[in-house]
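S.K.: Give me a 3D structure for the following:
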Amino acid sequence: MIRRILCLFLLFGILSKHSISQEKFTMSGVVRDITSTETLIGVNIFIEEPKIGVTTNEYGFYSITLPKGNYTIRVSVVGYEPIEEKVILDQNLKRNWQLTGTTNILSAITVENTKNKAEIRKPEMSVNKLSIQTIKQMPVVLGEVDIIKSILLLPGVTNAGEGQSGFNVRGGSADQNLILLDEATIYNSSHLFGFVSVFNSDAIKDLKLYKVGIPARFGGRLSSVLDIYQKEGNNEKTQFSGGIGIVSSRLLAEGPLVKGKGSFLIAGRASYGHLLLKLSGNKNAAYFYDLNTKMNYKINKKNNLYLSGYFGRDVFDLNGDFTNVYGNSVLNLRWNHLFSDKLFSNLSLIYNDYDYGLKVGFVGLDWKLGIRNFNLKYDFKHYLGNSLKLTYGVSAQYYNFNPGTVTPIDDKSGILAKQLDKKYAFEPAVYFDVEQKISSKLIVNYGLRNSLFYRLGSQTINLYEKDQPVVFNNSAKIYEKATPIGTKYYGHNETIASFNNLEPRFSSSYVLNNNHSVKASYNRMTQYLHLISNTQSPTPLDLWTPSDNYLKPQLLDQFAVGYFGNFKNNRFSMEIEAFYKKIQNRIDYIDGAELIANNEIEQVILKGKARSYGLEMMVRKNTGKLTGWLSYTLSRSEQQIAGRTPIETGINNGEWYKTAYDKLHNVSISGNYKKSDKWSFGFIFSLQSGQPISVPEAKYQYRGINVPDFGARNAYRLPVYHRLDVSATYIPNPQKINGWRGEWVFGIYNLYNRQNAASISFRQNRQTAMTEAVRFAVFGIVPSVTYNFKF
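M.R.: All right, here's what the predicted structure looks like:
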């Protein structure tokens, strides 16, 4: 199939008006940071004379083909001084570039100017990029720089509230986001149950969030892709950097394996609150640690090897009676090969392991669950010409799900050993993407992903009457678990269920002039994995499970249109987008569903559909001492579980109801002010509609016990959420570029001490015997101080 597609687009290239008989040559190479030697992603290589350009890929590589002649080349990217150079192109040319950062301090505020001409022209929309320098300037809770919290300031992105893990994009659930670290999937993105993300910002080079127009090389999730790449390490000299905060400290070491040919990077981070508890005689503990590693080696001009990994753990221990341990382990081996100056390839072998463990001493319970997967992928980038670029590849993932292993802690335990049915799946895919310049004003990107999914044995599957594991009790008007009428055994690697889905992708950009364009985008996505959870944000206890005969894959169609513009010589930029999403096979749960340690999870799940739609706006100030942005989202997210027959009520009587991720209004303002080389200041203001919740509308007594009677699902909201954060960064010696360099970061989270409700519970007042609502807030005002250093 790939061979036929490649031949087809080679034919397109031959017939292209830009491929007429004319002597042409190719200039290609890699762009790096001159100080750190890191390859740079998304650098613009712009040719002044014919007004065409190209950007570097995920490994800093670029390729551009031009007729024989003399050209002016401009190389630029945010946060670096641009280079302009004359080039004589009379033969194929290998030209590497080295860019100098706009400043050499540790965490400098870069002048954000992401909406340049190349961005205006690219058929890329609903894609947000944040520099690590910008993220490090944002005020954060407890002084912990947090990548996940930073993207919550972007339009269309929210979460369940303070102290909650994950994020929601355009009304989607947290499990609908594909989070990648060096191409490896991260299943749980938080430490300390959501207070801190697993990403150590010192080790991160680049991140990009895709919300629509998602390239065909990505699949497996519906709402978004958060693509994060780690630094590679300095291949010229050894360096150290780190920081000391009130919650955790971190240290990074990098340097050459072989000078100029290979490098290593190792970054560690750990919290130490539990040590203070021990010093005070408290036997409880809550802490985390993680380790980022990466090595790369340049075999020759055409071949590079990369080995990267991430290892993280969280430990929560209440005096040994309740112990919770969970974490991610990731390992990725990659081989870059340059077949020619026009064909770049990357082969990756990836291993993921997410595990969760729970020990309850007073019960005698030891419970473990997790998911492992192996991923082999081979990607190609083919520069057929300046008007036609082709990306294509294949991937194959194998999954091993352990929904629960229950064992007694000791002989005195009353717990019986039990292994819930392990589940296995195989997900191969093939894809292609084409970026084609139709005219000087119109550029399109179109592609197709063909994904397959095989649910495999060995496992014994329950059989139900009419294939319905959930039945409707008409007299009680409730859904109940069905009783199996039999079972069927599937042997090792025998196919239990299979799915085949075509996922077309399309995006386009029409340039009105050099500073204004309109764009349109469509994509279909398929998600074969489901997160079984009855909480509003992911927790370590949640269970991933594959699609099967009863749990169908989710399908999404999303449409978006937008306007993009620069004003006053790029000092200001604006993005306005409207979107509509519809989802098939979205799940919800019957009332009273038991999700933990349930071997027949299909008996508590109902299938329906979902939709979300809205308008997003983002205005940036890109230059000057004061930089920042304002984002606003007006959106709605709804779900419908209709009855399967006329007598069934569905959920909420089959009517549309708000999802737990519905936020009608979402406003974020982020700003940075550089007062001098020594002092800079930052602030963030956030305001959003309260989280939809279900609350009891009445109560009744049953055998002397008060029983709440809940109304419609998600019919009420928490109070409006808002807060203001501020920070100040002080650099004692800003001109120092060698030896020990340090900076102080002071912050205040929630400056005016707003008690934002994380949840509302109900209790009976002891004095009045009346039922009262009680607001639970995670954070009030939180000051912090962090010292960062580099040498």
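
S.K.: Enumerate the positions of the host helix or strand of Y787 that are buried.
M.R.: Counting by DSSP states H and E, the element that carries Y787 is strand 782-790. Within strand 782-790, the residues scored as buried using 16 or more other Cβ atoms under 10 Å are V782, S784, T786, N788, K790. The way it works is simple: take the backbone N, C-alpha and C, and place the C-beta from them, glycine included.

S.K.: Same list as before, these that is, but in JSON lines and with distance to V695 included.
M.R.: Below are the buried residues of strand 782-790 laid out as JSON lines (distance: Cβ to Cβ, whole Å):
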{"residue": "V782", "distance to V695": "29"}
{"residue": "S784", "distance to V695": "35"}
{"residue": "T786", "distance to V695": "40"}
{"residue": "N788", "distance to V695": "45"}
{"residue": "K790", "distance to V695": "51"}
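
S.K.: thinking again about what came up before, for the strand holding Y787, name the packing helices and strands.
M.R.: strand 239-244, strand 741-749 (3 or more Cβ pairs under 8 Å, 6 or more residues apart in numbering; DSSP states H and E).

S.K.: Please identify which of these is closest to V430.
M.R.: Nearest of those to V430, taken as Cβ to Cβ: strand 239-244 at 41.5 Å.

S.K.: Provide the contact partners of the following helix or strand past that closest one at residue level.
M.R.: Scanning forward in sequence from strand 239-244 by DSSP H and E, the next helix or strand is strand 248-258. Residues outside strand 248-258 that contact it (Cβ atoms under 8 Å, 6 or more residues apart in numbering) are 144, 196, 200, 202-203, 231, 233-243, 262-272, 288, 295, 297.

S.K.: Can you tell me the strand partners of the helix or strand harbouring S345 and which way each runs?
M.R.: Here S345, judged by DSSP H and E, is contained in strand 343-360. Sheet pairing of strand 343-360 (DSSP bridges) gives strand 322-340 (antiparallel), strand 365-385 (antiparallel).

S.K.: what pLDDT, on average, does the last one get?
M.R.: This means strand 365-385. Mean pLDDT, strand 365-385: 92.

S.K.: In the chain, mark out all the helices, start to finish.
M.R.: Secondary structure of the chain (DSSP state H): helices at 2-15, 117-121, 132-136, 147-151, 273-279.

S.K.: Compare these and say which comes out lowest on pLDDT.
M.R.: Going by mean pLDDT, the lowest-scoring of these is helix 2-15, which has a mean of 46.

S.K.: Low-confidence ranges, this protein, go.
M.R.: Within the chain, the segments meeting pLDDT under 70 span 1-22, 103-118, 163, 276, 280, 536-541.

S.K.: redo that, cut-off 50
M.R.: 1-2, 4-6, 8-21, 104-118 (pLDDT under 50).

S.K.: So which residue is dead centre in it?
M.R.: L226 (3.0 Å; Cα atoms, centre = their mean).

S.K.: Excluding chain neighbours, give the residue nearest to that residue in space.
M.R.: When the adjacent residues along the chain are set aside, L226 lies closest to I179, with 4.8 Å between them (Cβ to Cβ, 6 or more residues apart in numbering).
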